[in-house]
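here is the input, now give the coordinates:
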Amino acid sequence: MTHLLIADDHPLFRAALGQAVAGTLADVRVAEAGNLSEALAALAAMPEIDLVLLDLHMPGNHGLAGLAAIRAQYPTVGVVVVSANDDPQVIRRALDHGAAGFIPKSAGLETLRDAITCVLGGQPWLPPSLRGAVANAGSRPRDTELAARLSSLTAQQFRVLALVADGLLNKQIADRLDIQERTVKAHLSVIFEKLGVRNRTQAGVVLRELSLSDPAARLAP
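Prediction:
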């Protein structure tokens, strides 16, 4: 059986994706999440999940940060970005941070099926209409370096980093993660070394580099 997680804050879109998956795979179980916290909780509760279909702009997911979080904490799980943001540079950045593919939210059911089948078969997938533009966009050296540094963090270290980026103090992080404050300090020392930074502010900035503007927000009145 194949296990998928659809992480998107629009219930109707999750339902459409679920239908596409059900029409593609004969033996599949689909879980859903409406925000990044729910997605990470589902991954923790269901280690059998094979693939995540991830919206870049759902609540709690600041651009590529959610992708980086999943790749750091669950490196064996495939992630396909599903987004209305089809900027080739954004797609290139997502691939550099470990995405197995990109599906535009405007894609039809046949495209969704092709993409899911391809990725589950171990091959990366991009819409044919965007492949040339994404290839021409090229990788940004900073993204390649940042992806490597973030992937070196353990799952717990990434959780600590995310909470630092949210502005929490060591004691608050310890309470949130149910660990000792000295353990937080030990994690931070290692995080600083792995990221090549000197303090909490610089560490938080590293994670915020993954932020993206939401195209839907630009269209709002």
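
just the element for residue 81, please.
Assigned by DSSP states H and E, residue 81 falls within strand 78-83.

tell me what that strand is packed against?
Under the contact criterion of 3 or more C-beta pairs under 8 Å, 6 or more residues apart in numbering; DSSP states H and E, strand 78-83 touches strand 51-55, helix 65-73, helix 88-96, strand 101-104, helix 109-120. Where C-beta positions appear, they are placed from N, C-alpha and C, glycine not excepted.

how far away from the center of its chain is it?
7 Å (C-alpha atoms, centre = their mean, to the nearest Å).

now do the same for that strand: mean pLDDT, whole number.
Average pLDDT, strand 78-83: 92.

what ranges in this protein fall below the confidence cut-off?
62, 212-221 (pLDDT under 70).

skip the chain neighbours and tell me the closest residue to residue 24.
Excluding its sequence neighbours, the residue lying closest to residue 24 (C-beta to C-beta, 6 or more residues apart in numbering) is residue 113, at 4.3 Å.

so what's the one you found up against?
Contact analysis of residue 113 by C-beta atoms under 8 Å, 6 or more residues apart in numbering lists 20, 23-24.

using PDB, write down the CA coordinates of the strand holding residue 81.
Taking C-alpha atoms only, strand 78-83 is exported to PDB below (Å, rounded to 0.1, in the frame of the first residue of the first chain):
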ATOM      1  CA  GLY A  78       9.400  12.300  -0.900                       C
ATOM      2  CA  VAL A  79       8.000  15.800  -1.200                       C
ATOM      3  CA  VAL A  80       6.300  17.300  -4.200                       C
ATOM      4  CA  VAL A  81       5.500  21.000  -4.100                       C
ATOM      5  CA  VAL A  82       2.000  21.900  -5.200                       C
ATOM      6  CA  SER A  83       1.600  25.700  -5.700                       C
END
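
now do the helices in the chain.
11-24, 36-45, 65-73, 88-96, 109-120, 128-137, 141-151, 155-165, 170-177, 181-195, 200-208, 215-219 (DSSP state H).
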